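In: Provide a 3D model corresponding to the input given below.
(4 chains)
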Amino acid sequence: MKKQLTVLLSGLLLLSSLAACQSGSSPSATTTTATATTAEAEQATTADSAAATTAAAESSQTAAASEEEIDASTLKVAAIFGGAINDGNWNETQYNGLKQIEEEGASIAYLENVGDTDAAQAARDYASSGYQLIYLTTNSYQDYCLPVAADFPDTTFVSINGTVNQDNYISVRIADEQQGFMMGLIAALLSESGKVGFVGGLEINPIKLGSSGFQQGVDYANQNYGLSVEAKRINTGSFTDVNQAKETAISLIEDGCDVVTPMANDAGVGVMEAAEEKGATAIASGIGQETSAPTATAVTVVKDVAVAYTETFKAYRNHTLSGSSTVETFGANKGVVYLTDWLTDASQEVKDRVTEVMDQLANGEIDIDLTI
Amino acid sequence: MEGILNTLTNFISADVRTAVPLLLCALGLVFSERAGIVNIAAEGLMLIAAVSAAIGSAYFGPWGGALLAAISGLAGALIFTFFTITLRANQIVVGTAFNIFAAGLSVTLNRRFLADVTVTGYPLRAIPGLSQLPFVGDLFFNWQLLVYLTFLGVPLLQFVLYRSNLGLKIRASGEQPRACDSVGIKVNRVRTGVVLFSGILAGLAGSYVSLGQASTFIEGMVAGKGFMALAVCVFGNYTPVGAMGAALLFGAADALKYRLLTTELGSYYQFLNMLPYLITIISLMLLSHRSNKPAASGKPYIKE
Amino acid sequence: MQQETEQTKAARPALQMKGITKRFGSFTALNQVDLSVNTGEVHALLGENGAGKSTLMNCLFGMYGQYDGEIYWQGEPVRITDSQTAIRKGIGMVHQHFMLIPVMTVIENVVLGMTDNHWVLDLKAAARRFTELSQTYHLALDPWAKVEQLSVGQQQRLEILKSLYRHARLLILDEPTAVLTPEEVDGLFEIIDRLKAEGHTVIFISHKLNEVMKICDRCTILRNGSVAATLSISQVRNRETLARLMVGNETDLDLHETDCHLGSQALLEVKQLSCRGDYGQLICKQLSFAIRPGEILGICGVDGNGQRELVECLTGLRQAESGQYLLGGRELLNCDARQLLKSGVSHIPEDRLKYGLAPGMSLEENLILADYKRSDFARHGWLRSGRIRRQAMALCQRFGVRFSSLKQPAAELSGGNQQKLVAARELDRQPRLLIAVHPSRGLDVGAARFVQNAILSMKRKGTAILYIAGELDEVMEMSDRILVMYEGQFMGQQARANYDRTQIGLMMAGTPIS
Amino acid sequence: MNQNAKQFRFKSELKQLLLPLFSLVLALALGYLTMLLMGYDAAKAYQSLWQGIFGSRNAIAESLVQTTPLIFTAISYALTYKAGLINLGGEGQLYIGAVWGSVLGSRLSGIPVWLHWILIFAAAFAGGAIWGAISGLLKVRFKASELITTIMLNYIALEWVSFCVTNLPFKDQTAGAAPRMPTVVDNVKLSLLLPKTRLHSGFILALLVLLIYYLFMWKTTKGFELRVNGQNPNAALYAGMPVKHNAVLAFALAGGTAGLGGIINILGLQYFLTEGFASGLGFSGVAVALLGNSQPLGILLAAFLFGALNAGGIRMQTAAAVPSAMISMIQGIIIFFAVSPYLLSWIGTQLISGRNRHNLSLQNQLPPESAQLAMTTDRGKSDPEKSR
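Out: Have a look, this model is predicted:
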């Protein structure tokens, strides 16, 4: 029996590994990263971290000396993600941003699913292996990475949704509330039952902002278009438990909500599926989400953080990134928050109203209460 | 009246949706427990199976998914038996190790194969005619194939366990391995077989998580369902029918949770989330006295 | 014609075992053992406990995967690596610890593992066949009863029927009488005769000479792992020859009894003690007895008549229903084991591995198991390793425990040494009451004598001793008084002066004698 | 006999050393193979792994930082394991301890720091202890399988933490902060052992607790009682030990230790409690305890091994782009082999396929526990409660 077992086992190992090799669709990102990082790793392994930093320092100083734009190909950019880069949402759009930076010639590297505690060490690692620009993709990293920034003055840290702005630590704020606002508005306009639902994930600030934005969007619709729509907003406390999100959405729908919207990264899919199965309308919160609710999705309110990446990258190359003490907000104005084409035929009236409000947001004519 | 019926049907179907993976996995665990193997690797098995199912479905369609899930469950169980039975390592330990291993493997596989593909879930299979019936039709006759199979499996497995020659051997191996040996039953072979079987069921259960409850794989989506299944097995007093009752109870607790989420209590969702776990503990407190817990549970059998 | 075939059968041996050797790790249990059993005979396998009788038979029955040597069955060489093969060849074995599953029914136990079972069990048919079989052998048993409800005797019958149900031609009975009352023993002997008449071959494992003399045709005698002799009973003149062969050198079978005056009034008084068994049945009924300082009270009786439960009550391992338990006038009923130990009760438990030892822990730790809190082993909750080690060293030397290191786990010791370890611990405590249960079980003669002498020395020191053992002879030679226990009651007592085996036998069988 | 016994001892001690090393190598080899097959640069991966562990002053510090909490959760499992119980609830106990600890750590101020520390640690210990004791009580009162109750209590604890970081009165109210509990006041933060790294004096405390664990388990009568219970519950009853109390006690101590681990991670590293700041520590602790055979030194080494792998894993990912998931696979494999006492003898028998040889070697390798099992398998139910 033992013999058979061993044979089977080894066979199994082989099989799984073989299958692994034959995987045709290996994300090119990883491979490029591998090649890109080889050099630095060498550096990191041979020279010790201190030496690495000085090296980095020199490069950036020489750049600073001459006022013209820094050549992208000399730059090494890293990003540290809180979730999976394929979550069709928050992290994925940022990953796309990173890719665009790569296309401009910089060499990139990234880490996924990094817990708050490990972020600091990851940042330290990148900084010490000569990365000049490091993106921190969630504000929960801020508290851990500020000290790192202090230790590596020649490395620039960009904190998405951070709140602090000091010399080499730059925060940019993504206008989550605007996305929520548009979702709420559209949901209210589309609702016939007079109840709309919002399913949030972990109760972190972006989600909270989105949630309150949603409420305000609904209120806005109620005030300006004489509707009386009730908004039901629920957090599941998880970005990954799809079933939880789905069941929550279902119970919302069964409770009478005929429009549901997710703001829960990975788990958002569950909400879309719920809408699809229960014949409700869904408003997607990320590109690609609509695929899991082809008939139910009305429109996608995209929050494309990639824009923030390209913008900040350009600024960095022009030495204009640091300096301002106020945290810049990326929203409709910068084209971070925008709408896709309508997937269901909503009445022209609705569409017009939505586009109108969208423009007002972009022009800053509507201001949303940020207290949460 | 109609409203009430609707709420009821909604509630029950939510119950079933949650119960199915727990029950499916628990059925396997009942058998391995009865044969004397405590399999806390269930969590890891379901995790690997869930990702395999998604992969299979993405490349070969849902059935491919089911197949791959079953195979991966089998493979995982094979590893488990190799260490617990062949090498006589402590079952709890190996289970823990396996779960850690599985966590890593599932992520690795996910990144490799599910980068940019679409996963199609299990299709609903409405039973013609019956599914047209008001309320009950939708309630009982409009599910994925796997759901029917799970519930049909319960009486079948109950029969196997208590009426069949195999069942007798299995129960005996869990009670008194030496006695089995004395009548020429290859205890360790029985145990291996049973664990492999439970591996397959755990695999299918995992596939239902990624293809039935949803139609995608997300890291961490299994979220302790394997452990819940273990609890279901114990709370179900180590019988298939009992497991069904237990699973449905947990499902009900879950369904209730989601119903309450939409009320004012929603803002205290954390406490609602505790519900199923609390019910598990309470049920264990209440039901631990009448127990079919096998005498040789968790002990490796060593032929002198 | 019929006659003739019988003859030819008898001519060649049904079973031959040649040069069987079996090792457990470093310990050699069997060494080049030869055994030859003729068809249709009852062949005794004699030997002391631990002589290797059971080991040999387990080899034959394939309970161990491996063994060295050859086995010939009906003249054919066979290699029996698992019981399935043995059963298929027509060998059946009734183990000392019954191989039954308590929570299952009789019939389930019977059909368990049968190779010709259908996928779906037809228990009714099986039950029918089983009943027929049991009638042909006059062994009535309800096929639908749960095994845990059967008496020991019935369980043994079930084991025999299990083998017959599998068409066994050769039956191995491993110490079958150890658990039986005298009359049940007679019943068993009838069964054996019937089996013989049916042309079955029987191997009868025992160390009880009279039984062997009574029913066996030939016997093979094992002494620590090798054959001492094989001879046919008819040649044997008197029991002593067998005894000598079993024990080896002639040992003085009577212990030099020191005449020490027994204290006047009782040290231990037990009054009207009742307690329930594991399944809630009343197992000890109103037991009353007293032991004086320096007195050894023996309790004998067939296993499972309440002795175990009585001891558990006296050692705080079981709650008593009612009664009194006075030690030197102090009431101790239902005190927990700790208090009892403190008040000077020592206990050499029946099953040292289940109660007496923590097998994974070191010798020195095992030696303080009962007294780890005593001031010379611990101060303010801290163990005093120095003293503990010295103590352990002293004890191991005094009691001749053979060990390699005081730090080695007790599990590594041989059975005898483990028992010595327990005895050393319990006797060294200078107890006022010593409860010794099967203290010599599984020991070679020397070790047994050693432990028994140690106990007698306690007697001299004025300890009250309750002595329980399976061997009637052992109890008789140790005790000043014997109480006979049957179904939770005392059938009567006998003083050393006027022991009467037959009466004791009657009492063990349940006839009260005042 | 004596001679044999000596050989036995030698053999078994050799095995004790050999097996973990062997399995480590085996696991790394398998990991290497897998990475190659997955198309990663395995050599570079391990090179950077090594760099991440010992490469620099900071790397070593990080390895120790990761080691620290593992020591606590490992003890939490080992203590109950030694007492014959299974505690998979280390994570929940850690979180609960951390919650109560940081409540005090962030609130009280203006009292002498030593007093503040005592209060914080007391609160953390108590929190964890109570959480652990629940499982113990459920076990002795209702015979509820601690295996399951501990797991369930983990989930409940996690939900509770999630509540605390997002709701009053527990949550941190500074605007714009991620959901978390308030930062602990500065003077209770643990000092750094190495400047410019994250290595904090909590590591010393961990070693201290490990020492206490040793002294308690092996030098005190209570520890003795617990170990006897773990070895043979019947023997514990026979020696009149308070088996049920001890079960609860063991769980309480285990939980308390885990709780300490939690708060020490906060005071030394985190300074505030966030949801999931210790995710996975519970089960890793189990693994560490088992790998270290529940012995103090073993735990230390195993904890360092796992901590180092975690620390190096990050570098492995940044430098060689190998997903750190690989690390947990390798960790899993290490335990697989490290906890299989028969692995070596089994491999032996596969090489030399002689059945008797097989039997022999197995017999020789039989460790006490399973030896006991082997002897007691035919005794069936031996439930200490039964005879009560």
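In: in which helix or strand would I find residue 159?
Out: Picked chain A for this. Residue A:159 belongs to strand A:156-160 when elements are defined using DSSP states H and E.
In: actually it's chain D I care about, not the one you picked
Out: Following DSSP H and E, one finds residue D:159 within helix D:146-166.
In: OK, contacts around residue 221?
Out: All of this is about chain A. Residues near residue A:221 by Cβ atoms under 8 Å, 6 or more residues apart in numbering or on different chains: A:184-185, A:188-189, A:227, A:229. From N, CA and C alone the C-beta is placed, and that goes for glycine too.
In: was after chain D, sorry
Out: C:372-373, C:378, C:381-383.
In: mind running it again at 7 Å?
Out: By Cβ atoms under 7 Å, 6 or more residues apart in numbering or on different chains, the residues touching residue D:221 are C:372-373, C:378, C:381, C:383.
In: buried subset of the residues you listed?
Out: Neighbour counting with 16 or more other Cβ atoms under 10 Å in any protein chain shown marks C:372-373, C:378, C:383 as buried within the contacts of residue D:221.
In: Closest one of these to residue C:293?
Out: Among these, residue C:373 lies closest to residue C:293 (Cβ to Cβ), at 26.1 Å.
In: any idea how far that closest one lies from residue A:184?
Out: 71 Å (Cβ to Cβ, to the nearest Å).
In: go on, residue A:130?
Out: 45 Å.
In: Wait, residue C:236 touches residue C:243, no?
Out: No. Contact between residue C:236 and residue C:243 fails when scored by Cβ atoms under 7 Å: they sit 10.7 Å apart.
In: more crowded one of the two?
Out: residue C:236 (19 against 15; other Cβ atoms under 10 Å in any protein chain shown).
In: which SSE is the closest residue to that one other than its chain neighbours in?
Out: In this structure, residue C:236 finds its nearest non-sequential neighbour in residue C:242, 6.2 Å apart by Cβ to Cβ, 6 or more residues apart in numbering or on different chains. Counting by DSSP H and E, the element that carries residue C:242 is helix C:239-247.
In: Next SSE downstream of that helix?
Out: Downstream of helix C:239-247, the next assigned helix or strand under DSSP H and E is strand C:268-276.
In: Can you give the contact residues for that next one?
Out: C:282-291, C:309, C:313, C:318-327, C:433, C:464.
In: Could you report the neighbour count for residue 156?
Out: I went with chain A, as the question did not name one. Applying other Cβ under 10 Å, we find 24 residues neighbouring residue A:156.
In: not what I meant, chain C
Out: Neighbours around residue C:156, by other Cβ under 10 Å: 24.
In: again with the one 3 residues further on
Out: The criterion is other Cβ under 10 Å. On that basis, residue C:159 has 24 neighbouring residues.
In: That one against residue C:97, yeah?
Out: No. With contact defined as Cβ under 7 Å, residue C:159 does not reach residue C:97; the gap is 10.5 Å.
In: one step back: now intersect the contacts of residue A:221 with the helices, please.
Out: In this view, these that belong to helices under DSSP state H are A:184-185, A:188-189.
In: who wins for neighbours among the residues you listed?
Out: When neighbours are counted by other Cβ under 10 Å, residue A:184 leads the ones in helices among the contacts of residue A:221 with 33 neighbours.
In: Give me the spatial nearest neighbour of that residue, chain neighbours excluded.
Out: Among residues not flanking residue A:184 along the chain, residue A:217 sits closest, at 2.5 Å (Cβ to Cβ, 6+ apart).
In: just the angle between the helix or strand containing that neighbour and helix D:146-166, please?
Out: Assigned by DSSP H and E, residue A:217 belongs to helix A:205-225. Between the axis of helix A:205-225 and that of helix D:146-166 there is an angle of 60 degrees, by axes from the mean of the first three to the mean of the last three Cα atoms, to 10 degrees.
In: Bridged to residue C:271, which residues?
Out: residue C:324 (DSSP bridges).
In: Among the contacts of residue A:221, which one sits closest to chain D?
Out: Nearest to chain D among the contacts of residue A:221, counting by Cβ to the nearest Cβ, is residue A:184 at 21.4 Å.
In: I'd like the average pLDDT over stretch D:30-47.
Out: Confidence over stretch D:30-47 (mean pLDDT, whole number) is 85.
In: Give me the contact status of it with chain A.
Out: Yes. Using Cβ under 7 Å from any Cβ of the partner chain, stretch D:30-47 comes into contact with chain A via D:34, D:37-39, D:41, D:44, D:47.
In: Near the closest residue to chain D within the stretch 101-250 of chain C, how many residues? Count them for me, please.
Out: Chain D sits closest to residue C:102 of the stretch 101-250 of chain C, with a gap of 7.0 Å, by Cβ to the nearest Cβ. Residues near residue C:102, counting by other Cβ under 10 Å, number 18.
In: in the host helix or strand of residue B:112, what's buried?
Out: Residue B:112 belongs to helix B:91-113 when assigned by DSSP H and E. Buried residues in helix B:91-113, counted by 16+ other Cβ under 10 Å: B:91-113.
In: quick one on the thing from earlier: hang on, the residue nearest to residue A:184 packs against residue A:182?
Out: Yes. Judged on Cβ under 7 Å, residue A:217 makes contact with residue A:182 at a distance of 6.3 Å.
In: Those two - which one has more neighbours?
Out: Neighbours per residue (other Cβ under 10 Å) separate residue A:217 from residue A:182, with residue A:217 holding more: 32 against 28.
In: ok, now how distant is the more buried one from chain B?
Out: The gap separating residue A:217 from chain B is 19 Å, by Cβ to the nearest Cβ, to the nearest Å.
In: quick one on the thing from earlier: report the angle between the strand holding residue A:159 and helix A:205-225.
Out: Orientation check (the same axes, to 10 degrees): strand A:156-160 against helix A:205-225 gives 50 degrees.
In: tell me how far strand A:156-160 is from the chain's mean position?
Out: Strand A:156-160 has its C-alpha centroid displaced from the chain centroid by 14 Å (Cα atoms, centre = their mean, to the nearest Å).
In: For the chain, give me the ranges with low pLDDT.
Out: Because you didn't say which chain, this covers chain A. In the predicted model, chain A carries pLDDT under 70 at residues A:1-67, A:323-324.
In: my bad, the chain I had in mind was chain D
Out: Across chain D, residues meeting the criterion (pLDDT under 70) sit at D:1-17, D:175-177, D:352-388.
In: at 50 what do you get?
Out: Applying pLDDT under 50 to chain D flags the ranges D:1-5, D:354-388.
In: and if you look at chain C?
Out: Along chain C, segments meeting pLDDT under 50 span C:1-10, C:250-254, C:256.
In: Spit out the contact partners of residue D:138.
Out: Neighbour list for residue D:138: B:281, B:285, D:144, D:149 [criterion: Cβ under 7 Å, 6+ apart].
In: again but with residue C:388, I slipped
Out: Taking Cβ under 7 Å, 6+ apart as the test, what residue C:388 contacts is C:364, C:368, C:377.
In: any idea whether it is helix, strand or coil?
Out: Residue C:388 falls in the helix class when you classify it by DSSP: H, G, I helix; E, B strand; the rest coil.
In: and the longest helix along chain B, what does it pack onto?
Out: If you go by DSSP H, chain B has its longest helix at helix B:42-81. Here helix B:42-81 touches helix A:2-22, helix B:2-34, helix B:91-113, helix B:187-207, helix B:225-235, going by 3 or more Cβ pairs under 7 Å, 6 or more residues apart in numbering or on different chains; DSSP states H and E.
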